[in-house]
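Student: here is my input, please return the structure:
(chains A, B, C and D)
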4 protein chains.
Amino acid sequence: MIAVIGARGCDQRIYDLAYQAGRELAAHGFTIICGGLGGVMEAACKGAKSAGGKTVGILPGDNPADANPYVDIPIATGLGVARNLVIIHSARAVLAVNGSFGTLSELAFALQLNKPVVGLETWNVSEKIITASSAQEAVEKITILVRPV
Amino acid sequence: MIAVIGARGCDQRIYDLAYQAGRELAAHGFTIICGGLGGVMEAACKGAKSAGGKTVGILPGDNPADANPYVDIPIATGLGVARNLVIIHSARAVLAVNGSFGTLSELAFALQLNKPVVGLETWNVSEKIITASSAQEAVEKITILVRPV
Amino acid sequence: MIAVIGARGCDQRIYDLAYQAGRELAAHGFTIICGGLGGVMEAACKGAKSAGGKTVGILPGDNPADANPYVDIPIATGLGVARNLVIIHSARAVLAVNGSFGTLSELAFALQLNKPVVGLETWNVSEKIITASSAQEAVEKITILVRPV
Amino acid sequence: MIAVIGARGCDQRIYDLAYQAGRELAAHGFTIICGGLGGVMEAACKGAKSAGGKTVGILPGDNPADANPYVDIPIATGLGVARNLVIIHSARAVLAVNGSFGTLSELAFALQLNKPVVGLETWNVSEKIITASSAQEAVEKITILVRPV
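Tutor: Got it, this is the predicted structure:
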């Protein structure tokens, strides 16, 4: 299970990037876990479904129906932004696509918890964030990071 | 998605009852959501898998590997007992099998949030809990409760 | 720190009972921790302040200004009903005054976590709940329960 | 109530800076809310107490006794790192002193929730973080930020 994190509001270029990332992750057999809402989250889920993948959405509110239509398993936490931690704890690695302050907090938690992080046009706050310049490259790097030794 | 709640520690008779409940739920096409650990939670997941069903485990700790082996989607919350609320929020209805104080707190939350609750040999704290005397009867009653009107 | 739990909506008799309980707790030197909202929570805080006591309110929302006017320290959790657990974890003992399903869930958590519980006209779900028939008696029993051995 | 955030592990110079910050905040009449543990959190509480201030510690674990000895009101959340959000939600403004990834996640949440943030030798991730070069300057800036208009 790989987390895809990124902003609810994003432009078309970032949406397409997240879609490609979701599609590549699914093609490599990964299940996607994300915040379950719009923007980057929706794009990644939509991309994953286009490749026959599985998607989990960890929602801030208490209504599973708030999930975007590409979420297979909507989890309604009722915890507000604290749900971000549930995403990070549950993932083997994190793929950050662009993003605003919410994404930065998730990135920081991922780094604090020593989860591998790959970033696509995202916050540059640590050398621990492995950067990639395309969705394909990002997913290849994730595949290597989570490979059993 | 139907929640199955019940104690981590249970005797063989209750384990079998939870197994039957999980099996019936899966046979009716429901996905099971539970606390992801042992006892009633493991039995319900095992039963669901025996009928080709899908299972989600909402764990109190921060390690997805703590889930019982019959959980398909382990969600590590790191929230301790507060994870119980995530289970209740995410479910359309709740099936309580026996259970101790932890189950009572989940039952109370389900009643507070107006989720339909069916009980098998569980706490008798409200007329809102619909009782059943077998796993089959319990799942039939749940099927009626969540049927779109 | 002693938790006072009870419903947001209550009649005048229960409000008076919670007020007396808060007053007695403060007179015995205890700080009160509660859910910070109206009804039993407000009454207990008001009673405590009338005796010069200190009050902490653990709120479900994200705005400290939601606290009732008798809360000295408003803690905004943004966690919804999961805030109930914060109240129970932080208290040395729990005083339940009447209450509905929300109170039942708190009672169940307190029993699960082996916190001493004294009840005034509340749920009768366990022999572990020590009953009292007046605010004075309830606070005397709490004083004994939390006394260092 | 002003949040002081910073790492559990810090050197003597940062400890002294956090102590001065806590002392100044208390001298200006603010209550301090922090994570309740060691390092910057302990230093800020110790400083506040030295000026007769009041301190609240929001703990990750479930035992109020885990708080540092300068915490007046220990709140045991049992929520792990999710407790960071409770600190931010409850504060009118945030003072960040140095800090590692945990502090970065708190900073990001504060920025996401539009809380005023003053930073002392901390993460430089946004122009919204108002920097200060001494504890005195930081507290003066906070005083202006939270002044009612």
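
Student: give me the residues contacting stretch A:67-77.
Tutor: Residues outside stretch A:67-77 that contact it (Cβ atoms under 8 Å, 6 or more residues apart in numbering or on different chains): A:36-38, A:41-42, A:45-46, A:48-49, A:54-66, A:83, A:86, B:1, B:31, B:33, B:56, B:58, B:73, B:75, B:85-86, B:89-90. In short, each C-beta sits where N, CA and C put it, glycine included.

Student: which of those residues count as buried?
Tutor: Neighbour-count burial (16 or more other Cβ atoms under 10 Å in any protein chain shown) applied to the contacts of stretch A:67-77 gives A:36-37, A:41-42, A:45-46, A:48-49, A:54-62, A:64, A:83, A:86, B:1, B:31, B:33, B:56, B:58, B:73, B:75, B:85-86, B:89-90.

Student: one step back: just the ones of the contacts of stretch A:67-77 in helices?
Tutor: Per DSSP state H, helices hold the following members of the contacts of stretch A:67-77: A:41-42, A:45-46, A:48-49, A:83, A:86, B:85-86, B:89-90.

Student: who in chain A is up against chain D?
Tutor: A:79-82, A:85, A:100-102, A:104-109, A:111-113, A:123, A:125-126 (Cβ under 8 Å from any Cβ of the partner chain).

Student: swap the cut-off to 6 Å and go again
Tutor: Counting by Cβ under 6 Å from any Cβ of the partner chain, chain A comes close to chain D at A:82, A:85, A:101-102, A:104-105, A:108-109, A:111-112.

Student: which of those residues sit farthest apart?
Tutor: The largest separation in those, counting by Cβ to Cβ, is between A:Ala82 and A:Leu111 at 17.9 Å.

Student: out of the two, which sits in the busier spot?
Tutor: When A:Ala82 and A:Leu111 are compared for neighbours, A:Ala82 comes out ahead with 29 against 22, by other Cβ atoms under 10 Å in any protein chain shown.

Student: wait, doesn't the more buried one sit right on D:Ala82?
Tutor: Yes: A:Ala82 lies in contact with D:Ala82 (Cβ atoms under 6 Å); the separation is 4.4 Å.

Student: where does chain A dip in pLDDT?
Tutor: For chain A, the stretches flagged by pLDDT under 70 are A:149.

Student: neighbours of A:Gly29, just the number please.
Tutor: A:Gly29 has 10 neighbouring residues, counting by other Cβ under 10 Å.

Student: you'd agree it is in a strand?
Tutor: No: assessed with DSSP: H, G, I helix; E, B strand; the rest coil, A:Gly29 is coil; it does not lie in a strand.

Student: list the contacts of the helix or strand where A:Phe109 lies.
Tutor: Element membership for A:Phe109, per DSSP states H and E: helix A:101-112. When contacts are defined by Cβ atoms under 6 Å, 6 or more residues apart in numbering or on different chains, helix A:101-112 is touched by residues A:5-6, A:84-85, A:88, A:94, A:96, A:117, A:123, A:126, A:128, D:101-102, D:104-105, D:108-109, D:111-112.

Student: again, 8 Å this time
Tutor: Contacting residues not belonging to helix A:101-112 are listed as A:3, A:5-8, A:81, A:84-85, A:87-88, A:91, A:94, A:96, A:99, A:117, A:119, A:122-123, A:125-126, A:128-129, D:81, D:100-102, D:104-109, D:111-112, D:125-126 [Cβ under 8 Å, 6+ apart].

Student: common neighbours of A:Ala82 and D:Ala82, please.
Tutor: Common neighbours of A:Ala82 and D:Ala82, using Cβ under 8 Å, 6+ apart, are B:79, C:79.

Student: surely A:Ala27 and A:Ala51 touch.
Tutor: Yes: the criterion here is Cβ atoms under 8 Å, and A:Ala27 meets it with A:Ala51 at 4.7 Å.

Student: distance check, the residue lying closest to A:Gly35 once chain neighbours are set aside against chain B.
Tutor: Spatial nearest neighbour of A:Gly35, chain neighbours left out: A:Met41 (4.9 Å); criterion: Cβ to Cβ, 6 or more residues apart in numbering or on different chains. From A:Met41 over to chain B the distance is 16 Å, taken as Cβ to the nearest Cβ, to the nearest Å.

Student: now A:Ala110
Tutor: In this structure, A:Ala110 and chain B are 12 Å apart, going by Cβ to the nearest Cβ.

Student: A:Ala26 against A:Ile32, yeah?
Tutor: Yes: proximity of A:Ala26 to A:Ile32 meets the contact threshold set by Cβ under 8 Å, at 7.0 Å.

Student: tell me which of the two has more neighbours.
Tutor: Neighbour tally, A:Ala26 and A:Ile32, criterion other Cβ under 10 Å: the higher count belongs to A:Ile32, 28 against 24.

Student: these two touch, right, that one and A:Tyr19?
Tutor: No: look at A:Ile32 against A:Tyr19 with Cβ under 8 Å: they stay out of range, at 11.6 Å.

Student: straight-line length of stretch A:28-44, end to end?
Tutor: 14 Å (Cα to Cα, to the nearest Å).

Student: do the same with stretch A:113-120
Tutor: Counting by Cα to Cα, you get 20 Å between the two ends of stretch A:113-120.

Student: what residues of it count as buried?
Tutor: Judged by neighbour count using 16+ other Cβ under 10 Å, the buried positions of stretch A:113-120 are A:113, A:115-120.

Student: ok so, going back, buried only: go through the contacts of helix A:101-112 for me.
Tutor: For these, burial is judged from neighbour counts taken by 16+ other Cβ under 10 Å, and it is met by A:3, A:5-7, A:81, A:84-85, A:87-88, A:91, A:94, A:96, A:99, A:117, A:119, A:122-123, A:125, A:129, D:81, D:100-102, D:104-109, D:111-112, D:125.

Student: what is the neighbour count of A:Lys141?
Tutor: The number of residues packed near A:Lys141 is 18, by other Cβ under 10 Å.

Student: not counting its neighbours along the chain, what's nearest it?
Tutor: Nearest residue to A:Lys141, sequence neighbours excluded (Cβ to Cβ, 6+ apart): A:Val118, at 5.0 Å.

Student: what's the answer for A:Ile130, then?
Tutor: Spatially, and ignoring its direct neighbours in sequence, A:Ile130 is nearest to A:Val118 (4.8 Å; Cβ to Cβ, 6+ apart).
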